[in-house]
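Peer 1: what's the 3D shape of this:
(3 chains)
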Amino acid sequence: MLKLLALLLALVLAGSALAKVAAPAYPDPALEKRAVALEQQLRCLVCQDETIADSQAELAKDLKKEIREKLKAGMSEEQIKQYLVARYGNFVLFKPPVMATTVPLWYGPFALLLAAVAGLFYYILRRRSAVAQPLSEAEQARVKALLDSSEERP
Amino acid sequence: MLRARFLVPLAVLVVFGALVAVLGVGLTLDPREVPSPLINKPAPEFKLPELKHPDKTISNQDMLGKVWLLNVWASWCVSCREEHSTVLALARSGVVPVIGLNYKDERADGLGYLARLGDPYQAIGYDHDGRVGINFGVYGVPETYVIDKSGVIRYKCIGPVTPDILRKKILPLVKELNGNA
Amino acid sequence: MVPELGQFALVLALCIALVQSILPLVGAARGNAAWVAVARPAAQAQCLFIVFAFCCLTYAFVSNDFSVVYVAEHSNTDLPLAYRVAAVWGGHEGSLLLWTTMLGLWMFAVSIFSRSLPEEMVARVLGVMGMIAIGFLLFMLLTSDPFVRLLPAAANGRDLNPLLQDPGMVFHPPMLYMGYVGFSVAFAFSMAALIGGQLDATWARWSRPWTTIAWSVLTLGIALGSAWSYYVLGWGGWWFWDPVENASFMPWLVGTALIHSLAVTEKRGAFRSWTVFLAILAFSLSLLGTFLVRSGVLTSVHAFAVDPKRGVFILAFLTVVMGASFTLFAWRASKVGLGGRFAVVSRESMLLTNNALLLVAAGAVLLGTLYPLVLDALGLGKISVGPPYFDAVFVPLIAPALFLMGIGPLARWKKASLPDLALRLRWALAVSFAAAIIVPLVMGHWSTMVGFGILLATWITASCVVSFKAQLAHVPKGQLGTRLAQLPRSYYGMLLAHFGVAVFIVGVTLVKGYEVETDVRMDVGDIAHLNGYTFRFAGIDKVKGPNYTADRGTIVVTRGGEPVVTLHPEKRVYTVQNMPMTEAAIDAGFWRHLYVALGDSISPTSWIVRLYDKPFVSWIWGGCLLMGIGGLLAALDRRYRVKARAGTLQAAAAAGLNVAAAR
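Peer 2: Below is the predicted model of the structure:
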């Protein structure tokens, strides 16, 4: 009996020692990382609110395959993006390219900032010399009454 | 001083007005429609086995010198059924040849679909893995391209071809490309 | 029967809203006390009817009444009860009713908690809110009626979108809408001030608690949405710069500027017209957000079902509200005086700079959100503007404002001294730089982005400490407890909220800089290592839920041999819509989250599993929680609840004096 138990124990222990370390999900983790990073910058054209990385659409799966093949073949991320833009237009990129029609987009915020800072300076410096409305006689009397009164501060 | 006081509200009003105008126009647009960057560019080269005759191939080279339509369809696509009768009528009229692109489909399913609903196509390219579709920028079937005599894409119809689109956009364009012949 | 009652209640609410909009406003203008007195009971009655309508719709959902179109589209008999209730706001029509219900509740609150305000002001505020209610009630009754019948009734419903079948759905929209709609109160106060001509420090004192509460609730609402998307969407992102998210973020940014501007108006009587402008802007952005989500003008994962007719209505409503309010502003605001003077370096100027920066940031977000639409409308092509743009643009814009957060609270009103500030803050600056260098190195590797983030966060925190010590030093000697109680709640609120921002920054920076992940193919029994943790794939079971079937994995996590947690990620398929959903399993620790999600299955016992270690990620929402609590604390300050002694306070305020001593 004891020997049987010992045998079972040995088997269990051996079994757990054999628990293997899981292999990486993809044969080339580095390539996978690059691919996923690229996919997260691209819009899925079918499920347009998702990135190609997240989308389960057929087209997204096909494009994911294409991206991996092209990365393996040595194309750079930029080249792959151009490949897709040539076929689907700029809509597929989540980062809009800087071109004539997107100059206001990319430089607008900075221009806004400059305008705001300029406006600030102008306003604060002018304000320095502005005078607050003086009190009228009646108001001055009320002020005096207030200050002289023994009422507590709220 | 007075001018400055008016300047800011005026600027706000202008920006506000522009915003409302843009939003108003936006209501008439479809944000999901992706216009093709291939308009007025040469159609991507392709050479595919034919759906009905696997030993034969169909290529865009075969259609050079003619104005033709490329109609992307699939048996699993519900909207394709909507336009099928229109495409059939168009093909029968003989105004313009229609080449089919069977996109991401199984051969048997594609053939069955045509057997059931009719075959308007002069030839059909069998694009099983969808690569030719990707080259054409296909993102949602059905899609139809009008290609001119020198192989340049002139128009892309996204979604089913309706008699309206046919009458207003495709037929006049085909006529023009044919030299009003 | 019940849906018809609900619809009728909405019609009645509309009639009351008409009365509420006209009589009190005319009465206040003409000095007709009877008409002015109509405001409060009208608001309360309107709220009652709207809430009744809401209850009718809820009842229809709970009782599975599929003869109502809206219920049939968004519910199902198998849907658990909590989600049947949440489904009330799961679609366009019902969420509009939720919006209107929130408006009714805010009106009710204003009608009760405004005893210390002059009756004309209350009348005008409720009158304006009544007009907004007219807009929304009309919108519902004309284009988006939730009570439309479906005859013959459907046998069963189409079920709520599985993505929405989550506790997040129960809390996020109500909180969010409470915040959105709360800005209508600030808006109404501003309109009332412009109409009545009383735009002064007292007005700011009345308006401030309402605005702060709305802001706090909006903060919590946005945080809830972010947390929800984090655990639902399978890869642990928490903000996507999606158009609808931006639609809630823009009012939040302007709202933040508003509460700070109100501080100046209340304390110093300055920035009055600017504050009013901000209130109008904040509410306008709320309405714009409503438009963007429901008109189909932008693609978004949040967008409701599209109908251009609805879009036209909201656009018209938006135009009327914004047009009228900005016109009124342009006409009346110039008559308002200038308020107190202040030096180039002073708390006022710093708060104004903070405002300017927040507005520029909001402008940048608006630009990015609407730009694709603008280009498309002009026929100039179609582009996407996504996270890469917003991240690149927003962070540099907000960084200076964050830096100012460390200085502003310490600067004196009216005139501050830069050398004095530098002296008081020199240790704070030193500590910040030290932390900026030490923390990244401790966490594993140097990163400039992390260093910068830690610098800002420590700077803000250290400055809070300096401020607190200085304030406490001003309180006369005594027991610590009594001394602490002497400082006003609004001060603690500010400290907490600012500290919350620092915590938020820490969370964002550290998770971005140091999260690790690994994708592995696991057979049953396999183990994987990540960051010192061992994950063992113990098994996979088939599980049946109320309206879904799922593959449920068991992952046992240990560290150094010691058990940590057992996680159960699932891959569900919801039966009605046949939609697959990944339910990640998260061990939500204070210092880090362990995040496990099932990928595709290669065989019944072999799955792709995604493992993440996300350090400090809960600090993102923890920071937001602190911000929200800070805001609520500040709104509960005693001075807002002290009844004005007849004449005295108002007279003094009207004369432009400080009543409370400057800090």
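
Peer 1: and chain C, which residues reach chain B?
Peer 2: Selection of chain C residues close to chain B by C-beta under 8 Å from any C-beta of the partner chain yields C:291, C:295-299, C:308, C:311-312, C:315, C:318-319, C:322-323, C:326, C:329-330, C:334, C:370, C:372-374, C:376-377, C:381-382. C-beta here means a position set from N, CA and C on the backbone, and glycine is covered the same way.

Peer 1: Show me the helices in chain B, by range?
Peer 2: Taking DSSP state H to define them, one finds helices in chain B at B:2-28, B:78-93, B:107-117, B:131-136, B:163-165, B:171-177.

Peer 1: Can you say which of these is nearest to chain C?
Peer 2: In terms of C-beta to the nearest C-beta, the element of those nearest to chain C is helix B:2-28, at 3.5 Å.

Peer 1: Output the contacting helices and strands for that closest one.
Peer 2: Helices and strands touching helix B:2-28, by 3 or more C-beta pairs under 8 Å, 6 or more residues apart in numbering or on different chains; DSSP states H and E, are helix C:308-332, helix C:347-377.

Peer 1: Format the ones you listed as a markdown table; extra columns: distance to chain A and mean neighbour count.
Peer 2: What follows is the helices and strands packed on helix B:2-28, written out as a markdown table (distance: least, C-beta to the nearest C-beta, whole Å; neighbours: other C-beta atoms under 10 Å in any protein chain shown):
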| stretch | distance to chain A | mean neighbour count |
| --- | --- | --- |
| helix C:308-332 | 17 | 18 |
| helix C:347-377 | 4 | 23 |
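
Peer 1: hey, least reliable of the ones you listed by pLDDT?
Peer 2: Sorting those by mean pLDDT places helix C:308-332 lowest, at a mean of 89.

Peer 1: Below-threshold pLDDT in the chain: ranges please.
Peer 2: All of this is about chain A. Across chain A, the ranges flagged by pLDDT under 70 are A:6, A:8-18, A:129-135, A:150-154.

Peer 1: try chain C instead
Peer 2: C:234-235, C:305-306, C:335-339, C:642-663.

Peer 1: residue closest to the middle of it?
Peer 2: Taking C-alpha atoms, centre = their mean, the centroid of chain C lies closest to residue C:218, which sits 2.3 Å from it.

Peer 1: That one and residue B:69, how far apart?
Peer 2: 53 Å (C-beta to C-beta, to the nearest Å).

Peer 1: do residue C:33 as well
Peer 2: Taking C-beta to C-beta, one finds residue C:33 at 76 Å from residue B:69.

Peer 1: Kindly report the same for residue B:37.
Peer 2: Applying C-beta to C-beta to residue B:37 and residue B:69 gives a distance of 20 Å.

Peer 1: repeat for residue A:137
Peer 2: On the measure of C-beta to C-beta, residue A:137 and residue B:69 end up 89 Å apart.

Peer 1: swap in residue C:29?
Peer 2: 68 Å.

Peer 1: Neighbour count for those two, which is higher?
Peer 2: Using other C-beta atoms under 10 Å in any protein chain shown as the criterion, residue C:29 and residue B:69 rank with residue B:69 on top: 26 against 15.

Peer 1: need the contact list for that one.
Peer 2: B:90, B:96-99, B:144-147, B:170, B:174 (C-beta atoms under 8 Å, 6 or more residues apart in numbering or on different chains).

Peer 1: What of residue C:66?
Peer 2: Taking C-beta under 8 Å, 6+ apart, we find residue C:66 in contact with C:72, C:75, C:150, C:153-157.

Peer 1: and these, which are buried?
Peer 2: Listed as buried from those are C:72, C:75, C:157; burial here means 16 or more other C-beta atoms under 10 Å in any protein chain shown.

Peer 1: Ramachandran coordinates for residue C:75?
Peer 2: Main-chain torsions, residue C:75, degrees, to the nearest 10: phi -140, psi -180.

Peer 1: Is it in contact with residue C:164, as I believe?
Peer 2: No: with contact defined as C-beta atoms under 8 Å, residue C:75 does not count as touching residue C:164 (11.2 Å).

Peer 1: Residue numbers of chain B in contact with chain A?
Peer 2: Contact residues, chain B versus chain A (C-beta under 8 Å from any C-beta): B:32, B:34-38, B:104, B:129-131, B:134-137, B:139-140.

Peer 1: 6 Å - rerun?
Peer 2: B:32, B:34, B:37, B:130, B:137, B:139 (C-beta under 6 Å from any C-beta of the partner chain).

Peer 1: Leaving out chain neighbours, which residue sits closest to residue C:371?
Peer 2: Spatial nearest neighbour of residue C:371, excluding adjacent residues (C-beta to C-beta, 6 or more residues apart in numbering or on different chains): residue A:105 at 4.9 Å.

Peer 1: Check residue C:301 too.
Peer 2: Computed as C-beta to C-beta, 6+ apart, the closest residue to residue C:301 that is not its neighbour in sequence is residue A:49, at 3.8 Å.

Peer 1: Which stretches in the chain count as strands?
Peer 2: I'll assume chain A. A:23-24 (DSSP state E).

Peer 1: Correction: the question concerned chain C.
Peer 2: Under DSSP E, chain C gives strands at C:516-523, C:527-530, C:533-544, C:548-559, C:562-567, C:570-574, C:579-583, C:585-588, C:592-603, C:606-615.

Peer 1: list the contacts for whichever residue of chain C sits closest to chain B?
Peer 2: Nearest residue of chain C to chain B (C-beta to the nearest C-beta) works out as residue C:330 at 3.5 Å. The contact partners of residue C:330, taken as C-beta atoms under 6 Å, 6 or more residues apart in numbering or on different chains, are residue B:9.

Peer 1: Chain A - how does it break down into domains?
Peer 2: A:24-92, A:99-130 (automatic domain parsing).

Peer 1: so which of the ones you listed gets nearest residue C:177?
Peer 2: The closest of those to residue C:177 is domain A:24-92. By C-beta to C-beta, the value is 21.4 Å.
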